[in-house]
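Pasting the sequence and the predicted model now:
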Amino acid sequence: MGKTTGKSKGNHRTVHNRAKLAHRVLDPDQVCELLTPEKLLQIENRASDPFLPGEGKFYCIICDKHFINEGAFKGHEKGGQHRLRLREVKDGGFKPSDAYLISGKGVDNGKRVTQKPSAQPVATNKQQQQ
């Protein structure tokens, strides 16, 4: 009798993780670092690479993607994913100070002061006309 075929105990997620990491793009803060004038010149003046789509000529810095031709690149720039990514990069990306604010560890300025509701009744339109 042979062994039963079934799911192995520990190594069953590697294919999914490998595929997920292969399509990983740069984070918005990493893209902000690439947008300096010196690095932009380096990216634009790169030699063509035959292993990249379109030989590396059509590259979107914001989305970290290569395209086959100019038509595909222009279509990408009009798309929603590019615009969303552009908005994220314009905001400046994620900073460590943002993490502190999100977790509630921001500046403590003491007890919060809330406004008490006004005791005066609000006049309606009919009362104002009289």
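That came in fine, so what should we check first?

Run through the strands of the chain in chain order.
58-60, 65-67 (DSSP state E).

could you dump those to a markdown table with distance to residue 79 and mean neighbour count?
For every residue, glycine as well, the C-beta is placed using N, CA and C. Compiled in a markdown table, these are given as follows (distance: least, C-beta to C-beta, whole Å; neighbours: other C-beta atoms under 10 Å):
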| stretch | distance to residue 79 | mean neighbour count |
| --- | --- | --- |
| strand 58-60 | 10 | 17 |
| strand 65-67 | 11 | 19 |
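
between the ones you listed, which one is nearest to residue 95?
Closest to residue 95 of the strands of the chain, according to C-beta to C-beta: strand 58-60, at 23.4 Å.

So which elements touch the closest one?
strand 65-67, helix 70-78 (3 or more C-beta pairs under 8 Å, 6 or more residues apart in numbering; DSSP states H and E).

Return the most buried member of these.
Among these, strand 65-67 has the highest mean neighbour count (mean count of other C-beta atoms under 10 Å), at a mean of 19.

who's in contact with that one?
Residues from elsewhere that reach strand 65-67 (C-beta atoms under 8 Å, 6 or more residues apart in numbering): 25, 52, 53, 54, 56, 58, 59, 60, 73, 76.

if we can go back for a sec, adding distance to residue 93 and mean pLDDT, write the helices and strands packed on strand 58-60 out as TSV.
Shown next, in TSV, are those (distance: least, C-beta to C-beta, whole Å; pLDDT from 0 to 100):
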stretch	distance to residue 93	mean pLDDT
strand 65-67	18	92
helix 70-78	20	96
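
okay if I get the ones you listed as JSON lines plus distance to residue 14?
Output for those, formatted as JSON lines (distance: least, C-beta to C-beta, whole Å):
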{"stretch": "strand 65-67", "distance to residue 14": "25"}
{"stretch": "helix 70-78", "distance to residue 14": "31"}
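
which one of those lies closest to residue 104?
Short answer: strand 65-67, nearest of those by C-beta to C-beta, at 35.9 Å.

what distance separates the closest one from the middle of the whole chain?
17 Å (C-alpha atoms, centre = their mean, to the nearest Å).

Do a quick rundown of the helices in the chain.
Listed in chain order, the helices found in the chain under DSSP state H are 14-22, 28-34, 37-44, 70-78, 80-90, 96-102, 125-129.
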